[in-house]
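> give me a 3D structure for the following:
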Amino acid sequence: MPVYNYRGRNVRTNENVSGERFSNSAQALAAVLRREQVSPTAISEKKAGGFSFRRKKKVTQSEVAIFTRQFSVMLDAGLPLIQGLDAIAQQHPNKEFKSILEQIRNDVEGGSTLSSAMARHPKVFDSLYTNMVAAGESGGILDTILQRLSSFIEKIVKLKRALRSALIYPSTILTIAIGVVAIILWKVVPVFSTLFAGFNVDLPLPTRIVIALSGIVERYMIFFLILVGLGVFGLKSYYKTEKGRHVIDRMLLKIPVLGEVLRKIGVARFTRTLATLMTSGVPILEGLDITARTSGNAILEDTIYQLRQKIEEGGTMADPMRQSGFFPPMVTQMVTVGESTGEMDTMLVKVADYFEEEVDVVVANLLTILEPFLMAFLGVVVGGIVISMYLPLFKLIQVLSGG
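So this is what the prediction gives:
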């Protein structure tokens, strides 16, 4: 959406005003200004000027959850929609989110529905969010839908934090270990090797191995760093392709322990998302479409589309879930009960609650088990290098002492 510079005069105070606004057109902006009792004298589209090194601050899911909660409270209290958007936008600390909320307010003022205005910003408000808002608008229960949305987003953020906890701690320890070893081999070991060269004594095998590794690191450190950078870039680029997503997501699911955590997170997210959509009145086929697009895993996405196809053909949801092999037996049993009793959304909520608790327990246990192993690994690697460097000194002391 283009940005317009405007100048005008406030009709009430007779003061000159100016600024910048997002708008679909100059005419739409002029109409908005007049409703605000500002008589526009000049409106021109702002041109992009050269390169900008200022990086836009990303809108996080936590910020979306807080906005949704605040907005639902305002609507529930009887505050008009536009006034609520304006109140949140004016005091929001994230300038990027503030400008997006101002655009949404302007679009709603121009006659758009809230869901269609939000749909113009898919990086902040995904299809799940906009479809639920649309259901709330058509049913006249927008404040209730927003409350459900805020609870849903908060739970999804919690799941993502659990996943980060499972991945960040071990990867951080391993990165530190690799960095420490590289620095020792690059800067410390060469000092010892120069010292040993003047002794004219046979070095122990561990010392010779460490010195040889030091020579390799010293000569090829730059090439190694370039290779690692190219590898990371290539992996990210490959993951952006359809085939790459399937290959990497399938490999992640097969990793011991971590794969099970990812599977449980996927099941919890799927059941929570579908339950939230169904409770809000979104048809199950449309809900499965939205859930597949927001699943976060290519293998689970394919499985959900298969479920949708079977349901569209007149089948049940439990049978294809059982055949897919992705879902644990407990999930398919609960879905079977939900289909037979007509309380599918209630059963899905219970499944989501159970697996979210399971994820919390597994991640906590995983970190508890990993911590001593990783610390021991770091101690053995660094300690092994240090001891191998001191072995020749012990031998030299023994020779000098006449032992």
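
> quick one: residue 358 from residue 155, how far?
In this view, residue 358 and residue 155 are 14 Å apart by C-beta to C-beta, to the nearest Å. (Each C-beta comes from the backbone N, C-alpha and C, glycine too.)

> same question for residue 351.
13 Å.

> so those two - more neighbours on which side?
Shown here are residue 351 and residue 155; by other C-beta atoms under 10 Å, residue 351 has more neighbours (26 against 19).

> so the more buried one makes contact with residue 331?
Yes: if you go by C-beta atoms under 8 Å, residue 351 and residue 331 touch, sitting 5.5 Å apart.

> which residues does residue 336 contact?
Going by C-beta atoms under 8 Å, 6 or more residues apart in numbering, residue 336 touches 316, 318.

> what is the mean pLDDT for the strand or helix carrying it?
Using DSSP states H and E, residue 336 sits within helix 329-341. Averaged across helix 329-341, the pLDDT comes to 89.

> domains of the chain?
3-45, 61-155, 258-356 (automatic domain parsing).

> in CSV: those, plus distance to residue 164.
Output for those, formatted as CSV (distance: least, C-beta to C-beta, whole Å):
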stretch, distance to residue 164
domain 3-45, 33
domain 61-155, 12
domain 258-356, 11
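
> what about the helices in the stretch 251-400 of the chain?
258-279, 284-293, 298-312, 318-324, 329-341, 344-400 (DSSP state H, counting those that start in this stretch).

> mind listing what's buried along the helix or strand where residue 135 lies?
Per DSSP H and E, residue 135 falls inside helix 127-139. Residues 128-137 are the ones in helix 127-139 that count as buried (16 or more other C-beta atoms under 10 Å).

> dump these to TSV, plus distance to residue 394.
Shown next, in TSV, are those (distance: C-beta to C-beta, whole Å):
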residue	distance to residue 394
128	66
129	67
130	71
131	72
132	71
133	73
134	76
135	76
136	76
137	79
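
> nearest to residue 71 among these?
The shortest approach to residue 71 among those belongs to residue 133, at 10.1 Å (C-beta to C-beta).

> and that closest one, how far from residue 9?
For residue 133, the distance to residue 9 - C-beta to C-beta - is 37 Å.

> need the pLDDT of the closest residue to residue 98 other than its chain neighbours.
The shortest distance from residue 98 to any non-neighbouring residue, by C-beta to C-beta, 6 or more residues apart in numbering, is to residue 92 (4.5 Å). At residue 92, the predicted lDDT confidence score is 84.

> what residues of the helix or strand of the chain with the lowest mean pLDDT count as buried?
In the chain, no helix or strand scores lower on mean pLDDT, DSSP states H and E than helix 26-35, which sits at a mean of 72. Neighbour-count burial for helix 26-35, counted by 16+ other C-beta under 10 Å, picks out 26, 28-33.

> returning to what we had before: just the helices of the stretch 251-400 of the chain: most buried one?
helix 258-279 (a mean of 23; mean count of other C-beta atoms under 10 Å).

> orientation of it relative to helix 329-341 in degrees?
Angle of helix 258-279 versus helix 329-341, following axes from the mean of the first three to the mean of the last three C-alpha atoms, to 10 degrees, is 10 degrees.

> tell me which other helices or strands helix 258-279 touches.
For helix 258-279, the packing partners by 3 or more C-beta pairs under 8 Å, 6 or more residues apart in numbering; DSSP states H and E come out as helix 127-139, helix 142-183, helix 242-254, helix 284-293, helix 298-312, helix 344-400.

> outside of the third one itself, list whatever touches it.
Right, the one you point to is helix 242-254. With C-beta under 8 Å, 6+ apart as the test, helix 242-254 has contacts from 235, 237-239, 258-259, 262-263, 297-299, 302.

> now the fourth one
Among residues not part of helix 284-293, those counted as contacts by C-beta under 8 Å, 6+ apart are 126-128, 131, 270, 273-274, 277-278, 282, 300-301, 304-305, 307-308, 311-312, 344.

> at 7 Å instead, please
Residues outside helix 284-293 that contact it (C-beta atoms under 7 Å, 6 or more residues apart in numbering): 127-128, 131, 270, 273-274, 277-278, 301, 304-305, 307-308, 311-312.

> could you identify the most distant pair in those residues?
Using C-beta to C-beta for every pair in the contacts of helix 284-293, the one that comes out farthest apart is 128 and 312, at 19.9 Å.

> about what we covered before: and for the residue nearest to residue 98, the neighbour number?
20.

> quick one: it from residue 86, how far?
Taking C-beta to C-beta, one finds residue 92 at 11 Å from residue 86.

> and for residue 153?
22 Å.

> with neighbour numbers in mind, choose between those two.
Neighbours per residue (other C-beta under 10 Å) separate residue 153 from residue 86, with residue 153 holding more: 22 against 15.

> how close does that one get to residue 333?
For residue 153, the distance to residue 333 - C-beta to C-beta - is 28 Å.

> over to residue 87?
Distance from residue 87 to residue 333, by C-beta to C-beta: 47 Å.

> who's in contact with residue 29?
Residue 29 neighbours (C-beta under 7 Å, 6+ apart): 4, 6, 21, 23, 43.

> apologies, that question was intended for residue 18.
6-7.

> what strand or helix carries it?
Using DSSP H and E, residue 18 falls in strand 16-22.
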